[in-house]
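Engineer: Fold the stuff below for me.
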Amino acid sequence: MTKAQQQALATWQALPAQHATCLTVIYRADQAAEAEQRGAWTTGGRTEKASVWRWRPYRPVRTPPADSLAAQLRAHGLNHAAALAAFTALDDHGLIEVRPCGTQGRDIKLTTAGRKVARAGGVDPAHTGTKDLLSEGLWEMLVSVWQAHPDAYPASDSGAWDRLLHADPNPLVRVADTPYRLDQYRLRRAMLLTDAGADHYRRNWHTYARAYPDVNAPHPDAATVAWPPHVDETLARLRHQCQQLRDLITALPAAADALSSPAAAPPPPIELPHLPPAGTAPADLASSLERLHRAARHTQAAIDRATARYNGAIRDALTGYAAVLADHTADAHTPYRDACLHYAHTAAAVLDAAVTGHDPDRALRTQPPADADWPWAPPPSPATGLPDLDAKLRTAHQAATPPRRRTTGDPDLLTTAALLTDYADTLTTLLADGHLLRLLLRRAPATEQS
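Structural biologist: Model (predicted):
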């Protein structure tokens, strides 16, 4: 990292969270305008001078267009007063230029210094300041070889490996003397890490981690930022407990409803008298038919009595069983609520530990407050210093926070618990496999050499 890049990074880290957020939004508006002008030039359309299009309008109307500077700042939590304060501060630092437009509006221009500071802060992974940075795909391939080292890594048939084999000035990988055997008939090239590849990995790991946080690349000194897998396992177990109880609470009422309409009982087996054979005398035929008629009436009466006894017994049993199911449903409400609260509280504690640099293991052992009200409002997430991430966490927290104005009656348990578990799921996904730690490296000083 050059001295200029170090200074730009130091300036970024000194910015308050709102000012960094404002600079991020302005940078993206500037880059979008540049892309629009470049596209117009490519298609033969009319383009403007940079001295014109780099000025981005800020108009604080009631309902600004979604892609406008005012709308984007508002979406990131900066109202009009906060935006004006941030404009003034960034202007004082020489990161933007501001000129008034009407009584409330402003025109904003990102300066060269502002662009460098935003990029140093990791706002744009495509611009890291490192000329020999590999693409995300090539970096992921190099990570695979690094993880297999000192053994060989079985390479795919992709021609992209040639980029690593013939990297300038020195190859980052080399083909192993012994190929990898897929099966009895097929062989595949195997790759070994070269000294140059290991050096490139060590020197540039921080840069890659900031640029490509989705690639789970182990730190060269793995113990430094290793993410304990049992943290993810514990959060997954807590989530599973919530889901099990929710499924139970949802299924029991449906089962009770099904029991309220039992099927009619089958008729008992009966034996009817045989019909008289053909040629029977009329007098004997009348007597036989009379016997058949009496047997049918007696049989129907027996069926009615048996069916009534059967259905009565079934109704009594099912009524009692439905009452038991209703009791179990009510009994499951408290453990379900406690499980959701525990899951959300633990996920929030682990996220707080990851952001503030504390031990996530200790966070796993924290317990939610015993006297917590329901619906429970989770604590706000700590500021990460990454505007996009802070905006995402703020939005998730607002969705999980119950309204201040209480409605009449008890809040619906399934609805409020679902909001809480959704919030915990957002945090758990962000934490999984150390993803958050790699994102946080974008705010940390790089240690590699330029």
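
Engineer: Now do the buried residues in the helix or strand harbouring G39.
Structural biologist: Here G39, judged by DSSP states H and E, is contained in helix 17-42. The neighbour-count check on helix 17-42 (16 or more other Cβ atoms under 10 Å) flags 18-31, 33, 37 as buried. For glycine as for every other residue, the C-beta is placed from the backbone atoms N, C-alpha and C.

Engineer: contact partners of the following helix or strand past that helix?
Structural biologist: Counting by DSSP H and E, the next helix or strand C-terminal to helix 17-42 is helix 50-53. Residues external to helix 50-53 that are found in contact with it (Cβ atoms under 8 Å, 6 or more residues apart in numbering): A33, E34, E36, Q37.

Engineer: Please tell me I have it right and the first one contacts P57.
Structural biologist: No - taking Cβ atoms under 8 Å as the definition, A33 is not a contact partner of P57, at 10.6 Å.

Engineer: follow-up on the earlier one: lowest pLDDT pick from the buried residues of helix 17-42?
Structural biologist: Lowest pLDDT of the buried residues of helix 17-42: Q37, 79.

Engineer: ok, now how distant is it from A301?
Structural biologist: 94 Å (Cβ to Cβ, to the nearest Å).

Engineer: Residue ranges of each domain in this structure, please.
Structural biologist: In terms of domains, the chain is parsed into 3-120, 136-220, 229-438 (source: automatic domain parsing).

Engineer: low-confidence ranges in the stretch 201-350 of the chain?
Structural biologist: The model of the stretch 201-350 of the chain has pLDDT under 70 over residues 222-226, 252, 254-285, 317, 321-322, 324-326, 328-329.

Engineer: Show me where it has its helices.
Structural biologist: Secondary structure of the stretch 201-350 of the chain, counting by DSSP state H, counting those that start in this stretch: helices at 229-259, 282-356.

Engineer: Out of the ones you listed, the one nearest A8 is which?
Structural biologist: helix 282-356 (23.0 Å; Cβ to Cβ).

Engineer: which other helices and strands contact that closest one?
Structural biologist: helix 229-259, helix 360-364, helix 413-431, helix 435-440 (3 or more Cβ pairs under 8 Å, 6 or more residues apart in numbering; DSSP states H and E).

Engineer: Looking at those helices, spot the one closest to E136.
Structural biologist: For the helices and strands packed on helix 282-356, the distance to E136 is smallest for helix 435-440, at 12.7 Å, taking Cβ to Cβ.

Engineer: Convert the C-alpha atoms of the closest one to PDB, please.
Structural biologist: In PDB, the C-alpha atoms belonging to helix 435-440 read as follows (Å, rounded to 0.1, in the frame of the first residue of the first chain):
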ATOM      1  CA  HIS A 435     -18.400 -13.800   6.300                       C
ATOM      2  CA  LEU A 436     -18.900 -10.800   8.500                       C
ATOM      3  CA  LEU A 437     -15.200 -10.800   9.600                       C
ATOM      4  CA  ARG A 438     -14.200 -10.700   5.900                       C
ATOM      5  CA  LEU A 439     -16.600  -7.800   5.300                       C
ATOM      6  CA  LEU A 440     -15.100  -5.900   8.300                       C
END
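
Engineer: any idea of the mean pLDDT in that helix?
Structural biologist: Mean pLDDT, computed over helix 435-440, is 81.

Engineer: So what touches that helix?
Structural biologist: The contact list for helix 435-440, computed with Cβ under 8 Å, 6+ apart, reads 209-210, 213-214, 216-217, 225, 227, 351, 354-355, 384-386, 389, 429-430.

Engineer: buried subset of the residues you listed?
Structural biologist: Buried members of the contacts of helix 435-440, scored by 16+ other Cβ under 10 Å, are 209-210, 213, 216-217, 225, 227, 351, 354-355, 384-386, 389, 430.

Engineer: Nearest to A286 among these?
Structural biologist: Closest to A286, out of all of those and judged by Cβ to Cβ, is L430, at 90.6 Å.

Engineer: quick one: the strands in the stretch 51-200 of the chain?
Structural biologist: Under the criterion DSSP state E, counting those that start in this stretch, the stretch 51-200 of the chain contains strands at 55-58, 96-101, 105-110, 153-154, 173-175, 180-181, 187-188, 190-193.

Engineer: Can you check which of the ones you listed gets nearest to A66?
Structural biologist: A66 lies closest, by Cβ to Cβ, to one member of the strands of the stretch 51-200 of the chain: strand 55-58, at 14.6 Å.

Engineer: partners of that closest one in the sheet?
Structural biologist: According to DSSP bridges, strand 55-58 forms sheet pairs with strand 105-110 (antiparallel).

Engineer: ok and the strand it pairs with relative to helix 17-42, angle-wise?
Structural biologist: Per axes from the mean of the first three to the mean of the last three Cα atoms, to 10 degrees, the angle that strand 105-110 makes with helix 17-42 is 80 degrees.

Engineer: List of residues touching strand 105-110?
Structural biologist: Under the contact criterion Cβ under 8 Å, 6+ apart, strand 105-110 has outside partners 26-27, 29-30, 54-60, 69, 84, 87, 95-101, 118.

Engineer: avg pLDDT for that strand?
Structural biologist: Across strand 105-110, pLDDT averages out at 94.

Engineer: Just the C-alphas of it, formatted as PDB.
Structural biologist: Provided in PDB are the C-alpha atoms of strand 105-110 (Å, rounded to 0.1, in the frame of the first residue of the first chain):
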ATOM      1  CA  GLY A 105     -31.500  22.100  -2.900                       C
ATOM      2  CA  ARG A 106     -27.800  21.500  -3.500                       C
ATOM      3  CA  ASP A 107     -25.600  20.400  -6.300                       C
ATOM      4  CA  ILE A 108     -22.900  17.900  -5.200                       C
ATOM      5  CA  LYS A 109     -19.600  17.100  -7.000                       C
ATOM      6  CA  LEU A 110     -17.300  14.300  -5.800                       C
END
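
Engineer: re the thing from before, list only buried entries from the contacts of strand 105-110.
Structural biologist: 26-27, 29-30, 54-56, 58-60, 69, 84, 87, 95-98, 118.

Engineer: still on that earlier bit, what is the nearest of the buried ones among the contacts of helix 435-440 to A155?
Structural biologist: Of all the buried ones among the contacts of helix 435-440, the one sitting nearest A155 is A217; the distance, using Cβ to Cβ, is 17.8 Å.

Engineer: my read: the closest one touches Y208, true?
Structural biologist: Yes - using Cβ under 8 Å, A217 is in contact with Y208, at 6.3 Å.

Engineer: overlap in contacts of those two?
Structural biologist: Residues touching both A217 and Y208 (Cβ under 8 Å, 6+ apart) are W139.

Engineer: re earlier: farthest-apart pair in the buried residues of helix 17-42, please.
Structural biologist: Q18 and Q37 (29.1 Å).

Engineer: Please report how far Y310 lies from A152.
Structural biologist: Taking Cβ to Cβ as the measure, Y310 and A152 are separated by 74 Å.

Engineer: oh, I was asking about Q18
Structural biologist: Separation of Q18 from A152 (Cβ to Cβ): 51 Å.

Engineer: Nearest residue to H200 in space, ignoring adjacent ones along the chain?
Structural biologist: L172 (5.7 Å; Cβ to Cβ, 6 or more residues apart in numbering).

Engineer: Many thanks, we can stop here.
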